[in-house]
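1. When you get a sec, could you give me coordinates for this:
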Amino acid sequence: MFDVKEVFTSEDPAVMRLTGEVFDQCILGKLFPAEPPMRHNWISPGGHYRGQWIWDTMFVVDLLSILPGYEQIIRDVFQNYWDFQERWNRAKPDYAHDMIACMVEPGNNDWIHYPAYSQIPILAWGVERVYRRTGDRELVRQCLDPLERFHEWYWRERDVTEIGLIAVGSYSEVIQQARYETFDNECNLDDLKLTRHPRRQGATEGCWYGDICAAGNTSYLIQGERSLQRLADLMGDRSMALRRQARIDKAVAAMRAYMWDQEAGTFLSINRDTLGKIPVATIGGWIPLAAGVPTADMARRMSEALRTPGWQTPLPVPTVHRMDPRFESSAFWRGDTWPATNYQIASGLAAYGDPVLAAEIADKTVENAIRNGISERYDSITGRAEGVPFLGMTCTVLTLMLDGLCEKYPLSLRAGDSRRSQA
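-> Okay, the predicted model is just below:
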């Protein structure tokens, strides 16, 4: 078992127990040796999810990078994405080049057809988090070019109207698989339709493009672009940094112009073709805080809205507004609560100058994990554990503490090891 006392310190025994369980079960317990088509070490989310996902994995490598001696394993994990990208490019036409699938599955011989969709684009954020903990420039060199190509695929194939807002989609023409690119069952995607490309009308093309631009995924791509820009500057690639800045500026302006809703106090997803707002406030509307999208005034309004009963369930933050008729406190992305999204919301609140609300969300999230165990998600009313026990990305209950977002639950790295400095 991982000896938590060698790396971390806290005066709270419950926090130390939680930290040990997270590292044993959610991080170290999710590492696997190479298995075709993956030629390198890989990370699994856990439970019935067998494969290396995109967004789950980034939260795991962030914390894994605290431990010495895992540099090569982390490089391996990222190389699995770039290997997939190369395989995909050899098999697909130009417009589809540089996609990275939602997950890379061991033993999947039909990867050309499934999964034919991507996932929340936070790979660049993950690389930057690891670099800030380890200073591993070799990792950055390995990842910089394929990351930019992945981002350009996202803009080309998910911003098909070129206004700077990201929709979902799938080359399979299966609507639910398009929803898998974001928070799977978000209520604002209930009326999603897949269409042909609005301009590119090749004879072999299908209905692959979603007609809803998602506030969550657009924010994640902006967040990833900010990380990629900083990584490019780090490596002296000023031209890449400028290309990324242009993308950031356009997308931030578009989100503020089309997705912001003053009355709801959050960002709403919109119809791709009409630019009309979808009047359903969901968890994706809070991710702009983590991406630095709101103005200061917008962020203050978001803090106000998050303090209202619609979002202040006993275990905040629910994945849809409590007054929505589809709200169910234990339902998958339709009223439940996830530690990973709470981590991002709390991070954004603190960055915008509201550490009090950030700490309230963070403390309740950690307290509930101590009381009810480590799990994929939780009932937002009762706090009951739901979904997969010890899902990898629930490691974010530790990240909340390590990033200084909690008030009641302190956890820190032992002094004297500079490579483990807070990301």
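2. Residue 83: neighbouring residues, count only.
-> 16 (other CB atoms under 10 Å). All C-beta atoms are positioned from the backbone trio N, CA, C, and that covers glycine.
3. Can you say which helix or strand has it in it?
-> Secondary structure assigned from DSSP states H and E places residue 83 in helix 71-91.
4. other SSEs contacting that helix?
-> strand 42-43, strand 52-53, helix 55-64, strand 103-104, helix 123-134, helix 137-158 (3 or more CB pairs under 8 Å, 6 or more residues apart in numbering; DSSP states H and E).
5. please redo it, this time with the cut-off set to 10 Å
-> strand 31-32, strand 42-43, strand 52-53, helix 55-64, strand 103-104, helix 123-134, helix 137-158 (3 or more CB pairs under 10 Å, 6 or more residues apart in numbering; DSSP states H and E).
6. could you dump that helix to CSV, C-alpha only?
-> Extracted C-alpha coordinates of helix 71-91, given in CSV (Å, rounded to 0.1, in the frame of the first residue of the first chain):
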residue,chain,number,x,y,z
GLU,A,71,8.0,10.5,-15.6
GLN,A,72,8.3,7.8,-18.2
ILE,A,73,4.9,6.2,-17.4
ILE,A,74,3.2,9.6,-17.8
ARG,A,75,5.0,10.1,-21.2
ASP,A,76,3.8,6.7,-22.1
VAL,A,77,0.2,7.6,-21.3
PHE,A,78,0.3,10.7,-23.5
GLN,A,79,2.0,8.7,-26.3
ASN,A,80,-1.0,6.4,-26.5
TYR,A,81,-3.1,9.4,-27.7
TRP,A,82,-0.5,10.5,-30.3
ASP,A,83,-0.2,6.9,-31.6
PHE,A,84,-4.0,6.8,-32.0
GLN,A,85,-3.9,10.1,-33.8
GLU,A,86,-1.4,8.7,-36.3
ARG,A,87,-3.3,5.5,-36.9
TRP,A,88,-6.5,7.5,-37.4
ASN,A,89,-4.9,9.8,-39.9
ARG,A,90,-3.7,6.9,-42.0
ALA,A,91,-7.2,5.5,-42.2
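7. Could you check how far the spatially most central residue of the chain is from residue 181?
-> By CA atoms, centre = their mean, the chain has its centre lying nearest to residue 55, at 4.6 Å. Distance, residue 55 to residue 181, using CB to CB, to the nearest Å: 10 Å.
8. Overlap of the contact sets of those two?
-> 102, 119-121 (CB atoms under 10 Å, 6 or more residues apart in numbering).
9. So among those, which ones count as buried?
-> Among the shared contacts of residue 55 and residue 181, those classed as buried by 16 or more other CB atoms under 10 Å are 102, 119-121.
10. Inside helices: which ones of those?
-> Using DSSP state H, no member of those falls in helices.
11. wait, residue 29 sits on residue 45?
-> No - if you go by CB atoms under 10 Å, residue 29 and residue 45 don't touch, sitting 11.3 Å apart.
12. more crowded one of those two?
-> Taking other CB under 10 Å, residue 29 and residue 45 do not tie; residue 45 has more neighbours (24 against 16).
13. wait, what's in contact with the more buried one?
-> Residues near residue 45 by CB under 10 Å, 6+ apart: 26, 30, 51-53, 55-57, 60, 103, 376, 388, 390-394.
14. mind checking how far stretch 335-350 is from the chain centre?
-> Counting by CA atoms, centre = their mean, to the nearest Å, stretch 335-350 is centred 11 Å from the centre of its parent chain.
15. residues near the spatially closest residue to residue 70 that is not a sequence neighbour, how many?
-> Leaving out its chain neighbours, the residue that sits closest to residue 70 by CB to CB, 6 or more residues apart in numbering is residue 64, at 5.3 Å. Residues contacting residue 64 under the criterion other CB under 10 Å number 22.
16. Could you do residue 142 as well?
-> With other CB under 10 Å as criterion, residue 142 counts 16.
17. Could you measure from the residue nearest to it when sequence neighbours are not counted over to residue 98?
-> Spatially, and ignoring its direct neighbours in sequence, residue 142 is nearest to residue 75 (6.0 Å; CB to CB, 6+ apart). Applying CB to CB, the value for residue 75 to residue 98 is 20 Å.
18. now the residue sitting furthest away from the middle of the chain, what's its secondary structure?
-> No residue in the chain sits farther from the centre than residue 203, which is 34.7 Å out by CA atoms, centre = their mean. The three-state label given to residue 203 by DSSP: H, G, I helix; E, B strand; the rest coil is coil.
19. Quick check, pLDDT for it.
-> With respect to pLDDT, residue 203 has a value of 83.
20. hang on, the earlier thing: so which of the helices and strands packed on helix 71-91 is nearest residue 302?
-> Nearest to residue 302 among the helices and strands packed on helix 71-91 is helix 123-134 (20.4 Å), distances taken as CB to CB.
21. Could you list every helix and strand that the closest one packs against?
-> Contact partners of helix 123-134 among helices and strands, from 3+ CB pairs under 10 Å, 6+ apart: helix 55-64, helix 71-91, helix 137-158, helix 215-234.
22. about what we covered before: between residue 29 and residue 45, what contacts are shared?
-> With CB under 10 Å, 6+ apart as the test, residue 29 and residue 45 both reach 390, 392.
23. Make JSON lines out of the buried ones among the shared contacts of residue 55 and residue 181 and add distance to residue 6.
-> Formatted as JSON lines, these follow (distance: CB to CB, whole Å):
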{"residue": "102", "distance to residue 6": "35"}
{"residue": "119", "distance to residue 6": "34"}
{"residue": "120", "distance to residue 6": "33"}
{"residue": "121", "distance to residue 6": "35"}
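24. tell me which residues in stretch 216-235 are buried?
-> 216-229, 231-232.
25. Restricting to C-alpha, output that stretch in CSV.
-> C-alpha atoms of stretch 216-235 as CSV (Å, rounded to 0.1, in the frame of the first residue of the first chain):
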residue,chain,number,x,y,z
GLY,A,216,-18.9,23.3,-21.4
ASN,A,217,-16.9,22.0,-24.3
THR,A,218,-16.2,25.4,-25.7
SER,A,219,-14.9,26.4,-22.2
TYR,A,220,-12.7,23.3,-22.0
LEU,A,221,-11.2,24.1,-25.4
ILE,A,222,-10.5,27.7,-24.3
GLN,A,223,-8.9,26.4,-21.1
GLY,A,224,-6.8,23.9,-23.2
GLU,A,225,-5.8,26.7,-25.6
ARG,A,226,-4.5,28.8,-22.7
SER,A,227,-2.4,25.9,-21.5
LEU,A,228,-1.1,25.2,-25.0
GLN,A,229,-0.2,28.9,-25.5
ARG,A,230,1.8,28.9,-22.3
LEU,A,231,3.5,25.6,-23.2
ALA,A,232,4.4,27.1,-26.7
ASP,A,233,5.9,30.1,-25.0
LEU,A,234,7.8,27.8,-22.7
MET,A,235,9.4,26.0,-25.7
